[in-house]
Every structure is written in C-alpha cells, then in structure tokens.
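S.K.: Here is a sequence with its predicted model. Questions after.
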There are 2 protein chains.
Amino acid sequence: MSSERLIYLPLGGAGEIGMNAYVYGYGAPGEERLILVDLGVAFPDMDGTPGVDLIMPDIAWLKERTDRLEAVFITHAHEDHIGAVSHLYNELGAPIYARAFTANIARGKLSEYGLPDEAVTTASAWPETVKAGPFSIGFLPISHSIPESAGLVIDSPAGRVVHSGDFKLDPAPVVGEAFDPELWAEVAKPGVRALVCDSTNVFSPQPGRSESELGKPIEELVLSAQGMVVATTFASNVARLKTLAEAGDRAGRSIVLLGRAMRRMVEAAVETGVLRSFPKVVSPEEAQDIPRENLMLLVTGSQGERRAASAQLARGKYRGLELKEGDMFLFSSKTIPGNERGVIRIMNQLSEKGIDVVDDHGGLYHVSGHANRPDLQRMHEIMRPQMLIPMHGEHRHLREHARLAEAGGIQSVIAVNGMMLDLSGNAPTVADYVETGRTYLDGSVKVGALDGIVRDRIRMALNGHMVVSVVLDEDDDPIDGAWVDIKGLAEMGSSNAGLVEVVEEDLSQFLGRANRKTLTDDDKLEEGLRRVARQSTMNEIGKKPEVTVVISRLG
Amino acid sequence: MSSERLIYLPLGGAGEIGMNAYVYGYGAPGEERLILVDLGVAFPDMDGTPGVDLIMPDIAWLKERTDRLEAVFITHAHEDHIGAVSHLYNELGAPIYARAFTANIARGKLSEYGLPDEAVTTASAWPETVKAGPFSIGFLPISHSIPESAGLVIDSPAGRVVHSGDFKLDPAPVVGEAFDPELWAEVAKPGVRALVCDSTNVFSPQPGRSESELGKPIEELVLSAQGMVVATTFASNVARLKTLAEAGDRAGRSIVLLGRAMRRMVEAAVETGVLRSFPKVVSPEEAQDIPRENLMLLVTGSQGERRAASAQLARGKYRGLELKEGDMFLFSSKTIPGNERGVIRIMNQLSEKGIDVVDDHGGLYHVSGHANRPDLQRMHEIMRPQMLIPMHGEHRHLREHARLAEAGGIQSVIAVNGMMLDLSGNAPTVADYVETGRTYLDGSVKVGALDGIVRDRIRMALNGHMVVSVVLDEDDDPIDGAWVDIKGLAEMGSSNAGLVEVVEEDLSQFLGRANRKTLTDDDKLEEGLRRVARQSTMNEIGKKPEVTVVISRLG
C-alpha cells in the first residue's frame, strides 16, 4: 500500500447550499499538495446574520498550509462558487484557474479590490489540462444556468476524481455547451475513483427540463401583454436573458437591462464570445422616449433583494422608469427558500399599482439549473464511479443523494464541512475532522461567526438596549445617582411611569444601599447595576434588555 | 333614500394574512352602531419585528367609539382570528360571542389574564341569531381546518351581508360539520347584499380536497414505518390529529400528544362534544416504557417554531423522548411562506440524526383549510351576492379575488385595512379612510408599530451600537477625553488597531478642538460626538453604528 493518499475536504458547501469550497490533496499524510475547488459566498439574513455583508467559509485550515496550496479552480461564476475570491485572494496567494467567462467575472471582482488580472489564468476546456503539483485538472464543459460551467477532471497518482460542479443535463441550453453524454462517458472510461456530485435537486422527482423549452411560452406571454413588460431572473442566467430579450424583440419591444449585475454578465458573455447574438439594448434614458407597450425591461432582484431593480420599480420610479396599471411583471425565476417574504412584498406592491404579476407556478417560465433525481441517476450511470461523494447541498440533500447512489449499487458517504475523507482505498474513510466555520465580511472587516459580534446584534434586536452611566467622585461616592438611556425599548411601562425614570430610581436606591466593597470595585458595581437595571425593566415592560454599564471615576 | 347606512371597515386582515378584525356598522353616518368580527394576531419575525411577541391590529378607531360597539363575534379559534381577545378585551369592553368550541378557547385565553368566563357568550348555530343593536347575527357552520368554524349571517335594515369566515367546501371534514350547500343556498334565498369572502387560496387553480382523503395515505405511511413515528401539524387541526392518531392506533401504536397548544385543542374539542372519539393517549412518561416501534407522537411546531416540540425533538431529548436513526418524522402540514428557514433547519437536524423526513411534496399528507379558486367560484354561485368584498388576503389575493368575482358578473371592490365602505347603495362606495396600523405586544406592554422602538432595534442589529461617554467638569472642560463602549461591532479595524482606541482618540481630538459654544451646549456636543464616532468607525470597519452619547456634567 502506498504511503501517499488522496484526500477530499469540504470547507464549505457540504451541509448548506452556498459558500462552496472543496479541498483536494495528494501526498503523504500531512504533507499533501493541495488544490482548492471554488471559493464562494453565502448571503446573510436578518434571522441569523443581521448587518453582515457576505458569508464566507472559514479557510483558517488552508491559510496555515498556503505553502502546500498549488492553485484554486473555479467551476463557474455563480456567487456561491466565485464570490469570495476577491476577499480571500490575498490570504491564499495561489493562482486561480477558470474558463474564459468565469475568468472574466473573476478578474472583474479582483480589480474592484485593486488585485491584478494576472491572478486569474484562463483555462481551455478538456481535453486540455492544468498541472498543479501531483494533480492534472481538466475543465469538462457541462450545462448549468450560467455560461461555461464546468465539471473538473482531477487526475492524480491515485486515479481519477470527477468533481461535477453545478450541473444539469440540458441538450439545448440556449447559451453555452449542451451536456455531452459521450464526452462524459469518454472521461469515465479509464475508471472514476470518485464522483463528487451536486445534490441540490435530489428531491425533485421528475427529469429536469431544458432551458430551450421556455422560448415559446415566454414569447406567447410577451405577445399577449398590453402595457410595459418587466421580467426578472437571476442576473447570471445569460441564456434566460437571451430568451427573454428575443421574446421581447419579436414582440416589437425595445430591451432595457436594469441592474448592474445583469449588465456585467451580458458584457462578460459578449467579451468572451459566449454570447454571439443578443437583441439591441437601449438605455433607460432612451427608453423614456419609447411608448411603454414597446418596452421590455430585464431587471435584477428576482429574490426580492431590497436594493435591486425589481424592488425599486415596485416601490416607485427607478432610473426614470415607472410601472403603471396594465403593465406586466414576470418572475422568470424560482424563489430560493428563505427569500419568500421579500418576493411576496414586491408582488403585493405591484398588485397595489394594478400590475399583473406572472410567476412560475405553472412551470412555464422557469427551469432549474440543477440535475433532478433521475438526472443524477443518469449521471451515476454514465460515470459508474467507485464511490459517490454528495456535495452542494444541505444535510438532507447529501443524505438523500448518498441513499440514491447506494440504491444504484454505488458506495457513498456523507462528508460535511470539515470532514476529511481519504479516497485512496477501496472505500471512502474519514481521515480527520478539521475545524471549519464561517467568516463574515462585515463592513470592511472580516469577523468570525463565533466572535459574538453578530450574537450581540441579535440580542439587541430581540431585547433592546440600555445604557447605565454612573459617575463616582474621588471618594468613590456616586454623583447624582445613575443615568439611563434606552434604545429599542418601550418608553412607558406598566406602572404608567416613564421606564427611564423608574429604572433610574431603582438604580439610585441600589447605589444608596451599596457598600464600599461594591462601590470601589468596577466589576462588582457593574454587575450590580446590570442586574438591577434588567430586573427593573423586566418589572416595568416585561423585557430584559442588553445593558452597557459606563462607570466614570474622577481622580 | 335612507339617511342610515351600512358600513364595512377592515382594521386588520385586508392586505395581509393575519390579525383579522372587521367592523360592520349600521346607522346615521358617524353614529352607526358597530359590531366587530374577529380579533386576531399576526406573528412577528426577525426581518421586520424582532423581539416583538405578537402583532395586533391598531384598534384606536374602535377605542374612540366603544360606546357604539355592541359586540364582538369570533368566527373560529385560529390565532389570526381570536389571538388578540385577551390583550384587547379591556380596551373594548364589549361582549364576545362565539360557538362552543371557539368560546371554550376564548375563555381559556381570557382566564390566563384574569378575565372572566362571562365575557364570552356561547352562541348556537344558525338559524339561531344574536341581536346586537340594529344587527341580527347568525353563526352559519362551514368546514375549515378547525372545528366549528362559522360564517356569519349579518342582517340589518340594509339587508343581509354574509361574512364567510375562513372556509373550504369539505363534504367530509372528519371532525365537525360538512359544508352544506343547501343550508347556504337557503340563507342566500332572500338575497345577499354583500358576500365578504376569504381570499387565501384564490391562486390555487384546482378544487380543494377533503380532509377525509388523507386517512388512507397516512395509514399506509404509518404502517410502513419501522421505528418511532412523529407527526406534526397545526395544533388546532383537530380533524388531522384524529386522522393521525387513528392511523397510529390501527398500526398498534400508542399515541402521545406533545405540546401545550395541541393538548389544549383536543381538550376543548372533547369538552364541547366536537370530538367524540379519539384513540387513547399516553403521557410522555408512560411512553418511555413502550417500545419505540409502538409509539406515535403528535407534536406541535409544524412551522419550525424554535420552542415548539418539533424543534426540541430535532435538537435532542424532549420530555424524556428522543429520536433515533430509523424513526420517521411526518410534516402533515404546509410551510407558511416566511417560515421556510425554520422548517428546513429542523429537517436538516433530523437528517443528521438519520431520521426519515416525510413532507407533503406529493400532496398525500396535507390538505388546505381554505377554498381554492373553483371553490370560491362555487360559493359565489351559491350566494349570488349583489357585491363581493374580498377579505383575508394580501393585496394580491384581494385583487385576484375581485377580478374573479367580476369575471363571474359580480361587482367587487378591493377594500384594504382602513378603507371604510358604504354597502347601502347599489354598488360599494368608499365612505372614509381611517388610520389603521399595527400594535405590538412587546414583553408586557403595547407599543405602536410606528413608535420607532422596533426600528431602533433593527438599526442596532444592522449597524451595531456604540456608547460615547464624556464627563465635563464645573468649567465645562472634558475630563479624561471620551470613553467608548461597543456592542455588535468588530473589535479590530482595518488599521489593525482596536476600534475603541481609534475612536476614542478621534473623539478626544474633537473635544480638544471644540469651542466653548459646543462644550456648553449638550445638543451641539452630542451631535459632534456622534458625527465623529460614526465617521471614525466607518473609516475603521466600514460601518456607521447607532450611537448613544452620554454627557455627564459636574456641578
């Protein structure tokens, strides 16, 4: 048996949908040469991460081993695969490889932070390969909801691993390469040690549908519209943008792209030759001179994001354009679980304006970018891997995908973030557990998810906040009792007196009773003041606030 | 034309799903005698109402007119129809009428706040009626997802209005009365001036399904289970609890009810004779001596509520019971939009424990309690009202329901909260706009939604909080510069120095430069300190925090 081994270690993406980051390594245990596949973000929400800008995988493990890191490979340009490159590039310092469209997006992101274009190398598609230490990596084209998505063929002395990336089996994806079962079968021929595979849609029982099926229904819908038509979809779904724009074009409408992300994606697709034809686009300014029944806006914000074009249009005027009764608004998208409230808010705002909202309830105007259950089975069949490692999914998806593989006679194991697998043997074995977690981009700094900063924010949101200030003189006697300031707390309590006055009175009584030991000891005094403030507030308004105690001593 | 009029005024429930409260009045304008239909709550969330306990309609308009309020009628015992009675009873002081089951639940709620049983009068079903000023009100039985739901027949000198309540057209609802089309047609015979009608499921294109259709699939599912079976549904869906319990019973399993709300509902149903047979229930303590394959738990928390039994079981042991690999967990429920994250969290926790989760994706294990689009059309047909007023829905539901009515030749108008309609004429007309809104139960006090208290909490959650304290001596000179305390903010900034130290330094410089005018004026000083603190924090960590400035002056 060789003393070298092939390892797989998800740092993000295995146990959640988002912030993908998968490490592969080959070498003697503890000395493996490493590559990283994808470096994505997840998005914050009020429930768990209020005020946070982005959620990234905690890459501490990798940062301690940058001398062993050969390169970073990005499978495609979705934020959950590419979004952290600009924020973490400096900490890794490894070269980034991606196909042309993805590389274009990556360079755009890096340049916003003053990082060099040369950080990213454009890779050609399989059978071309990139050498990275003991690895040889090929970008294997596959269909998805963004151009030039790729699986990775990861060859090492331990054999071939195929990392599926995000994918669907689309024979006619409108933009980009169709799924080519013969190409994939060819790759599988020498034998695949492990297929590390997208699990997102394992619970969807029907075979996936092709992007090209949407053209006709969308065209009919747009032709039926009387007023202005607005359509929203994921900015990166260039194929959908093309389908929508062509439907508008054929209906004699001028196309407007609203939203920076959308324009950026189309621009990148054109620059890299991925998108060869797209109807002529007019600017929002030009659109103001065009009758509304001759306009079609393609806008960002399909997930209800408050600052995106959809939300702005639902609220009122945006870049000189305004929706009116009789217009139509199409959600050519699905709502990602957790985003329902924002999307419904927009739908109701549009309803109030008398705008007809069309969403995808009938399945006519949107198809998923991920392989459904039967498609996953087909992929298993084509690749016939020695083992299947489910990735890109919450725990329930990974578990179901592992069961699906086993039902098909392929051994599988659930590896969540931080679980290092040794793939060298006949069966996958757990080699190690690595501490992982989440890093928040918060304003301009990075904070750890467990630093307590966000926890404190959540507590203030739930409980309100109270400042208790006391000034003590040279003899440690309080001057003027205690002062109270509140934020996020009711001003009047149940005794019909002001909350501040009641708590100040209780605190002054506490100070009056306090002995020398307490008055001379900041910790004791603070503890006492906090306790009284919380209890007094509880009595008055039924809440225990977060309390900041400020003790000022003169002399 | 009479100088008296019939008015309709929704204070809650028209423009949202939740906190139903509908006023009807009859009399000379401004002197109408009033009745209130339903007094419900909505539930808070982190996005918009962090820390809030319950959301209630703002009934200020009604409070100023309690002398004209004859009575309150509760259609059924769902929280969004009954939840605010205990919190607002004292402010209204009017008698409450409800059918036996609903009255039982209402009395239970009132008694928790020391309010008397006599506040609630049990009403018999139509053709019995209750007199309330110029009104005569009858409770017309109809099927829904809770026992003894009722529509209201509201007769006044201006004719008959039918308020549908929440309903579905179920010929076999398992518990409670089936929908009786002949009874409703009978009521419609003299002519219905207005049908005020549930709009919840207007976007559901298929006819609704009967509660009784679930018995067989659920029984088959439970029979197929190997380990313990846990099923969750809405606590108030007594019919579902019966179906689930009987399936368990037939599979030789002992039934355990977990969760206070669920036990309370079954108890009320038994006490009022609504539920005549229910399998024997064992306590959680007794269950510990029963083999797990002979147990079926019915538990609360189908919406992912963190403190409910489902969430507790997903996390670990609850009341001595613990889930294990091979157990089955059934969601006999749908996830209400906005609750997805909580439900998915539970599903993943269960997946980690190796428990098989069954949800309602196939439509086998749950049916809705609301009338779908064709059912609404059927109701319109049966009642043939002169006008249809859509209620119980977000704006998009109300709008769609009005369109549906008009397509069927019935005039309709969208009346949202605060819009008073005059129903006396041939067509509904807007009589007035009344200020409405939301009142929060926050701890033990009520606060207005626009008081700014919750807004401040949200801001602290998004931006963090900073306390700036300054002590000034008798000559208005600052002692020791400024002190800074932070909560919910990163401790280290981009300059790799402590945030607190950097901001304190900037503040001290500001104080050093400040002129007399600033130092002697609390408002000016506070404004300056806040500005510097925010800017300095922005420079360091890219966030502008909420700032509380505490100025202490000696002498």
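M.R.: Good, I have the coordinates.
S.K.: Now residue A:225. Its backbone dihedrals?
M.R.: When read as degrees, to the nearest 10, the backbone of residue A:225 gives phi -80, psi 140.
S.K.: tally of neighbours for it?
M.R.: 20 (other Cβ atoms under 10 Å in any protein chain shown). Every residue, glycine included, has its C-beta placed from N, CA and C.
S.K.: what's the answer for residue A:179, then?
M.R.: When neighbours are counted by other Cβ under 10 Å, residue A:179 comes out with 23.
S.K.: Over to residue A:101?
M.R.: So residue A:101, with other Cβ under 10 Å, has 27 neighbours.
S.K.: Okay, and it sits in which element?
M.R.: Using DSSP states H and E, residue A:101 sits within helix A:100-112.
S.K.: Report the separation between residue A:288 and residue A:310.
M.R.: From residue A:288 across to residue A:310, the span is 19 Å (Cβ to Cβ, to the nearest Å).
S.K.: now swap in residue A:160 and tell me
M.R.: Relative to residue A:310, residue A:160 is positioned 44 Å away (Cβ to Cβ).
S.K.: out of these two, which sits in the busier spot?
M.R.: residue A:310 (30 against 22).
S.K.: Below-threshold pLDDT in chain A: ranges please.
M.R.: For chain A, the stretches flagged by pLDDT under 70 are A:1-2.
S.K.: per the record, what domains does it have?
M.R.: Domains of chain A are assigned by automatic domain parsing as A:5-206+A:368-448, A:211-358, A:464-553.
S.K.: quick check, the last one touching chain B?
M.R.: Spelled out, that is domain A:464-553. Yes. Counting by Cβ under 8 Å from any Cβ of the partner chain, contacts between domain A:464-553 and chain B involve A:464-465, A:467, A:469, A:471, A:479-480, A:483, A:485, A:487-494, A:538, A:541-543, A:546, A:548, A:550, A:552.
S.K.: element containing the residue of chain A most remote from its centre, please.
M.R.: Farthest-out residue of chain A from its mean C-alpha position, per Cα atoms, centre = their mean: residue A:475, at 56.4 Å. For residue A:475, there is no host helix or strand (DSSP H and E).
S.K.: picking that back up, mind saving the C-alpha coords of the helix holding residue A:101 as CSV?
M.R.: C-alpha atoms of helix A:100-112 as CSV (Å, rounded to 0.1, in the frame of the first residue of the first chain):
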residue,chain,number,x,y,z
ALA,A,100,-12.9,32.4,-20.1
PHE,A,101,-16.3,33.6,-19.0
THR,A,102,-15.7,32.7,-15.4
ALA,A,103,-12.2,34.2,-15.5
ASN,A,104,-13.7,37.4,-16.9
ILE,A,105,-16.0,37.7,-14.0
ALA,A,106,-13.3,36.8,-11.5
ARG,A,107,-11.0,39.4,-12.9
GLY,A,108,-13.7,42.0,-12.6
LYS,A,109,-14.2,41.1,-8.9
LEU,A,110,-10.5,41.2,-8.2
SER,A,111,-10.0,44.5,-10.0
GLU,A,112,-12.6,46.2,-7.7
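S.K.: Against which helices or strands is it packed?
M.R.: Applying 3 or more Cβ pairs under 8 Å, 6 or more residues apart in numbering or on different chains; DSSP states H and E, we find helix A:100-112 packed against helix A:79-82, helix A:85-92, strand A:96-98, strand A:120-122, helix A:260-271.
S.K.: got those as TSV, with mean neighbour count and distance to residue A:395 columns?
M.R.: Formatted as TSV, those follow (neighbours: other Cβ atoms under 10 Å in any protein chain shown; distance: least, Cβ to Cβ, whole Å):
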stretch	mean neighbour count	distance to residue A:395
helix A:79-82	24	17
helix A:85-92	19	25
strand A:96-98	25	29
strand A:120-122	17	33
helix A:260-271	19	30
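S.K.: nearest residue to residue A:295 other than its sequence neighbours?
M.R.: Spatial nearest neighbour of residue A:295, excluding adjacent residues (Cβ to Cβ, 6 or more residues apart in numbering or on different chains): residue A:228 at 4.9 Å.
S.K.: what's the spacing between that neighbour and chain B?
M.R.: Distance from residue A:228 to chain B, counting by Cβ to the nearest Cβ, to the nearest Å: 18 Å.
S.K.: Could you do residue A:38 as well?
M.R.: Counting by Cβ to the nearest Cβ, the gap from residue A:38 to chain B is 21 Å.
S.K.: again, but for residue A:132
M.R.: Taking Cβ to the nearest Cβ, one finds residue A:132 at 33 Å from chain B.
S.K.: That residue: neighbour count?
M.R.: 23.
S.K.: For it, give me its contacts.
M.R.: A:33, A:35, A:70-71 (Cβ atoms under 8 Å, 6 or more residues apart in numbering or on different chains).
S.K.: quick one, longest helix in chain A?
M.R.: Criterion DSSP state H: the longest helix present in chain A is helix A:522-541.
S.K.: so what secondary structure elements neighbour that one?
M.R.: With contacts defined as 3+ Cβ pairs under 8 Å, 6+ apart, helix A:522-541 has these neighbours: strand A:465-472, helix A:499-513, helix A:516-519, strand A:546-553.
S.K.: Out of the ones you listed, which gets nearest to residue A:322?
M.R.: strand A:465-472 (39.8 Å; Cβ to Cβ).
S.K.: The strand ranked longest in chain A to helix A:522-541, inter-axis angle?
M.R.: In chain A, with assignment by DSSP state E, the single longest strand is strand A:478-487. In terms of direction (axes from the mean of the first three to the mean of the last three Cα atoms, to 10 degrees), strand A:478-487 departs from helix A:522-541 by 50 degrees.
S.K.: contacts for strand A:478-487?
M.R.: A:460, A:464-473, A:499-500, A:503-504, A:507-508, A:510-511, A:519, A:529, A:533, A:545, A:554, B:456-457, B:460, B:465, B:546, B:548, B:550, B:552, B:554.
S.K.: Mind listing the strands that strand pairs with, and their directions?
M.R.: Paired neighbours of strand A:478-487 in the sheet (DSSP bridges): strand A:465-472 (antiparallel).
S.K.: Alpha carbons only: can I get the partner strand in CSV?
M.R.: The C-alpha coordinates for strand A:465-472 follow below in CSV (Å, rounded to 0.1, in the frame of the first residue of the first chain):
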residue,chain,number,x,y,z
HIS,A,465,-30.5,48.1,24.8
MET,A,466,-30.0,50.2,27.9
VAL,A,467,-27.0,52.3,28.9
VAL,A,468,-26.5,52.8,32.6
SER,A,469,-24.0,55.5,33.5
VAL,A,470,-22.6,56.4,36.9
VAL,A,471,-20.0,59.0,37.8
LEU,A,472,-18.2,58.4,41.1
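S.K.: got the angle for that strand vs strand B:546-553?
M.R.: 20 degrees.
S.K.: residues touching the closest residue to chain B within the stretch 151-300 of chain A, list them.
M.R.: Ranking the residues of the stretch 151-300 of chain A by distance to chain B (Cβ to the nearest Cβ) places residue A:203 first, at 7.1 Å. Residue A:203 is in contact with A:373, A:396-397, A:400, B:361, counting by Cβ under 8 Å, 6+ apart.
S.K.: go again using 6 Å as the cut-off
M.R.: If a contact means Cβ atoms under 6 Å, 6 or more residues apart in numbering or on different chains, then residue A:203 has no contacts.
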